[in-house]
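Engineer: A predicted structure for the sequence below; I have some questions about it.
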Amino acid sequence: MIRTVFLLLLWIAGVLPAAEVLEPEEVPSTAPNDSTTIAKRRPADPELWPVTPTAGFGGWSKATGSTWLGIQAKLEAAAAARSSAEILVLGDAIPAALGHGLDTGAAPPATWNSQMGTKRALNLAQPGETTEQVLWRLEHGLAKQLAPQVVVVGVGANNLVAVERHGVPVTAVAKGIKAVIDAVRSRWPKARVVVIEPLLMGRPTAVQRAHLATLHAAIAAWPPTSGVTMVDPRKDLADEAGVIRTDRSGYGGLRLNDAGREALVAALAATMKEQP
């Protein structure tokens, strides 16, 4: 707190730029009534949001039983305890459905071993994550004790909310996904990176569907990158617009059901076999 106040005074005096003023502040995960939020570092230009490492809010969540930074602490502990993991999974709700995560009672899809092999896996993906939040997590402890052979990344769909609400360009979201890929490659240069292209869940509007189409077009324009495999799971999981099908989802369309999880594993395995 003292450091934050000191930096704020420096910013007011013109010594520091606004983007360097506030650091996230921890909120005790054991205090469910604590509604304190983390001060988020946001550039003035919304186009920079998806590529600027930014922590989430710190209010206690009933769904997770923790704060955003409280979850970060759990992720770091999981990374330390399972540092021998050969497959690392990062991102939002789609890759989170693959199992091997913080909830040890949530089994991976039944066909995981037959499709993906018996390599040890660690899933640090969290529902609701954006590109900037994954970048922040990578910068704050997740990369120190891991040496994965394969890193599966699925993120970007949640950034589309800011496209409508705050005028973030869809092309900037694509840059955010690319920034995550680059951050992963920088931290684990020998690892193969497998990228799940974004899908929409729930009941998206026509405008949101159009934004997703623009995002997929931007991703399709990327030149091939050695060591990076793109997985487009729309054929197996979604309709033509990229929205998760009802027979592949549950919880009001906000989570993959067992059929969706199996389809995702199959899509990953097929693409990885095609592009060794």
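Structural biologist: All right, it came through fine. Numbering: from 1, shown residues only.
Engineer: how near is the nearest residue in space to residue 243 that is not next to it in sequence to residue 159?
Structural biologist: Using Cβ to Cβ, 6 or more residues apart in numbering and skipping residues adjacent in sequence, the residue nearest residue 243 is residue 200, 4.7 Å away. For the C-beta atoms, the positions are set from N, CA and C on the backbone; glycine is no exception. In this structure, residue 200 and residue 159 are 12 Å apart, going by Cβ to Cβ, to the nearest Å.
Engineer: where along the stretch 1-150 of the chain do the helices fall?
Structural biologist: When secondary structure is read from DSSP state H, counting those that start in this stretch, the stretch 1-150 of the chain shows helices at 2-12, 68-81, 93-96, 112-116, 131-137.
Engineer: reformat the ones you listed as CSV; add distance to residue 213, mean pLDDT and mean neighbour count.
Structural biologist: Shown next, in CSV, are those (distance: least, Cβ to Cβ, whole Å; pLDDT from 0 to 100; neighbours: other Cβ atoms under 10 Å):
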stretch, distance to residue 213, mean pLDDT, mean neighbour count
helix 2-12, 40, 40, 12
helix 68-81, 30, 88, 18
helix 93-96, 18, 93, 24
helix 112-116, 29, 91, 16
helix 131-137, 18, 94, 25
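Engineer: select, out of those helices, the one closest to residue 258.
Structural biologist: helix 112-116 (12.0 Å; Cβ to Cβ).
Engineer: which strands and helices sit next to the closest one?
Structural biologist: Counting by 3 or more Cβ pairs under 8 Å, 6 or more residues apart in numbering; DSSP states H and E, the packing neighbours recorded for helix 112-116 are helix 258-274.
Engineer: show me which residues of the helix it packs on are buried.
Structural biologist: The neighbour-count check on helix 258-274 (16 or more other Cβ atoms under 10 Å) flags 260-269, 271-272 as buried.
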